[in-house]
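Peer 1: how would this look folded up:
(3 chains)
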Amino acid sequence: MPRARSGISSPIPSVKFNEALREILNRAIDHFGPQNWWPADSPFEVMVGAILTQNTNWLNTKRAIENLKQAGILNPHLILKRRRILPRLIRPAGYYQLKSQRLINFVRYLIQQYRGSITRMRQRPLFMLRKELLALPGIGPETADSILLYALNKRIFVIDAYTRRILSRHNLISGDEDYDQLRIRCEENLPKRISIYKELHAQLVMIGKTFCRRNDPHCSDCPIADLRGLS
DNA sequence: CACCAGGCAAGTA
DNA sequence: TACTTGCATGGT
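Peer 2: Numbering: from 1, shown residues only, chains lettered A, B, ... in the order given. Reported below is the predicted structural model:
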């Protein structure tokens, strides 16, 4: 029997949730093809992208990254050295003052703790890194986990607005879980494989961008339109 | 024109 | 703890 105790709603039994995640992943891959995220030429570019794309359209983020490449400063030391020109270069990504400072703080951390070496950074265990990243200003849970999963190849699942909206609209979660509750619930119901975590998050973003906008959900030809948890 | 985008932090009560 | 607001550009 489903438990409904003490006012805490538990939308769906776990045994169904894992099947739902599997089904979402399989159907999305059928529909969109494998995404092989994160789209970037280097782990450092992933990190920069993760910060620049906060609440920002990916196309605008790409423009900002392209500007950094064009200027030849897409590495920790040069970003620090040329920090004065950052706002102009990353302008298309929006919040450019804020994000310039976030990038500067981040590369300072990378240089001071790891001499700018991502290889050295990767030696450190997952949850020590997560704690360090979350202590930096402007690095919240989603940004931290994106960096950990896609730049450092650590096994942690990324929750974003699309993930929450899609699972919520399909009644697979109640929607009021906090970030870590939702992350852990997903991790518990997924094969413990980094490649699965990477691909599922990528596919959820594809579904979200294409079929599950804030307003205007044209969910008719969405590959998971018929998936529903609970009732 | 309004609304949105691969968040986060600071302020308020 | 639970809301609200600022940050800002470019697409639809």
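Peer 1: burial of the closest residue to DNA strand B within chain A, as a residue count?
Peer 2: In chain A, the residue that lies nearest DNA strand B is residue A:140 (2.2 Å; Cβ to the nearest atom of the strand). Every residue, glycine included, has its C-beta placed from N, CA and C. Residues lying near residue A:140 (other Cβ atoms under 10 Å) number 13.
Peer 1: show me the contacts for it.
Peer 2: Counting by Cβ atoms under 8 Å, 6 or more residues apart in numbering, residue A:140 touches residue A:134.
Peer 1: state the distance from it to residue A:54.
Peer 2: Applying Cβ to Cβ, to the nearest Å, the value for residue A:140 to residue A:54 is 8 Å.
Peer 1: is the one helix or strand in chain A whose mean pLDDT sits lowest in proximity to DNA strand B?
Peer 2: None of the helices or strands of chain A scores lower by mean pLDDT, DSSP states H and E than helix A:14-32, at a mean of 93. No. Applying Cβ under 7 Å from any atom of the strand, one finds helix A:14-32 out of contact with DNA strand B, separated by at least 12.2 Å.
Peer 1: okay, and residue A:128 sits in which element?
Peer 2: helix A:126-135 (DSSP states H and E).
Peer 1: what do you get for residue A:98?
Peer 2: Taking DSSP H and E as the criterion, residue A:98 maps to helix A:96-114.
Peer 1: which other helices and strands contact the helix or strand following that helix?
Peer 2: Where DSSP H and E defines the elements, the next helix or strand beyond helix A:96-114 is helix A:118-123. Judged by 3 or more Cβ pairs under 8 Å, 6 or more residues apart in numbering; DSSP states H and E, helix A:118-123 is in contact with helix A:96-114.
Peer 1: please save the CA atoms from the helix it packs on in CSV.
Peer 2: What follows is the C-alpha trace of helix A:96-114 in CSV, where atoms were taken according to Å, rounded to 0.1, in the frame of the first residue of the first chain:
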residue,chain,number,x,y,z
TYR,A,96,27.8,40.2,-17.3
GLN,A,97,29.0,42.2,-14.2
LEU,A,98,27.9,39.4,-11.9
LYS,A,99,29.2,36.6,-14.0
SER,A,100,32.5,38.3,-14.6
GLN,A,101,33.1,38.3,-10.8
ARG,A,102,31.9,34.7,-10.5
LEU,A,103,34.4,33.6,-13.2
ILE,A,104,37.2,35.5,-11.5
ASN,A,105,36.4,34.0,-8.1
PHE,A,106,36.3,30.6,-9.7
VAL,A,107,39.6,30.7,-11.5
ARG,A,108,41.3,32.1,-8.4
TYR,A,109,40.1,29.1,-6.6
LEU,A,110,41.3,26.8,-9.4
ILE,A,111,44.7,28.4,-9.4
GLN,A,112,45.2,28.6,-5.7
GLN,A,113,44.0,25.2,-4.8
TYR,A,114,45.1,23.2,-7.9
